[in-house]
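**Q** Structure for the following, please:
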Amino acid sequence: MPTTEPLKAARLWELAAFLPKFSMAIQTRIDNIRDLMIPFKKNHIYHWQMMGSYSQKAVLPVLVPDLSYKGMEVANGGMAMDVYARMCSCNDPGEVESIKKALLEYCKLDTMGMVRILEKLRGMA
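**A** Numbering: from 1, shown residues only. A predicted model of the protein is given here:
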């Protein structure tokens with residue numbers, strides 16, 4: 001793994017090494033990674049309601065107020081880790097399916113949030 005790649009791409013580099021047949025496709029994904037934290041970390045974009053944080057949970061309500069984690073069964077990363085662990089040790093197929101659905105909804109919103117934040121940042125540029 002090249003040291004210049006974002007740390008968040010580390011698993012993708014490992015996957016490309018493990019699956020050489022797909023390494024070009026994986027490399028394409030790696031090349032498309034954008035660190036959305038940079039403009040917030042460097043204070044190019046600041047809003048008092050983010051209270052100095054540039055986490056997605058702080059940025060999303062300010063830049064994309066129509067997306068919200070409120071009322072979701074899984075509403076943050078800590079909860080996601082907890083319910084995933086519970087799902088892995090659960091023997092009840094109904095509960096496993098319920099947890100899986102809640103996790104997928106959380107991941108869907110997380111992903112859509114990043115897409116919408118990127119769109120907003122591009123519009124500001």
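**Q** When you work out contacts or count neighbours from here on, use the C-alpha atoms and nothing else.
**A** OK.
**Q** longest single helix anywhere in the chain?
**A** Ordering each helix of the chain by length in residues (DSSP state H) puts helix 93-124 first.
**Q** Which other helices and strands does that one contact?
**A** Applying 3 or more CA pairs under 8 Å, 6 or more residues apart in numbering; DSSP states H and E, one finds that helix 93-124 contacts helix 56-63, helix 77-88.
**Q** Going by mean pLDDT, which of those comes out lowest?
**A** Ranked by mean pLDDT, the helices and strands packed on helix 93-124 end with helix 56-63 at the bottom, a mean of 89.
**Q** Report the buried residues of it.
**A** By neighbour count on 16 or more other CA atoms under 10 Å, the buried set for helix 56-63 is Lys57, Val59, Leu60, Pro61, Leu63.
**Q** what does that helix contact?
**A** His47, Gln49, Met50, Met51, Ser53, Leu67, Ser68, Gly113, Met114, Ile117, Lys120 (CA atoms under 8 Å, 6 or more residues apart in numbering).
**Q** Dump those into CSV; add pLDDT and distance to Gly94 as well.
**A** Shown next, in CSV, are the contacts of helix 56-63 (pLDDT from 0 to 100; distance: CA to CA, whole Å):
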residue, pLDDT, distance to Gly94
His47, 81, 43
Gln49, 85, 40
Met50, 81, 38
Met51, 85, 40
Ser53, 83, 38
Leu67, 94, 28
Ser68, 92, 27
Gly113, 94, 29
Met114, 91, 31
Ile117, 92, 35
Lys120, 92, 39
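**Q** that older thread, I'd like the helices and strands packed on helix 93-124 written out as CSV, with distance to Gly94 added.
**A** Shown next, in CSV, are the helices and strands packed on helix 93-124 (distance: least, CA to CA, whole Å):
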stretch, distance to Gly94
helix 56-63, 30
helix 77-88, 10
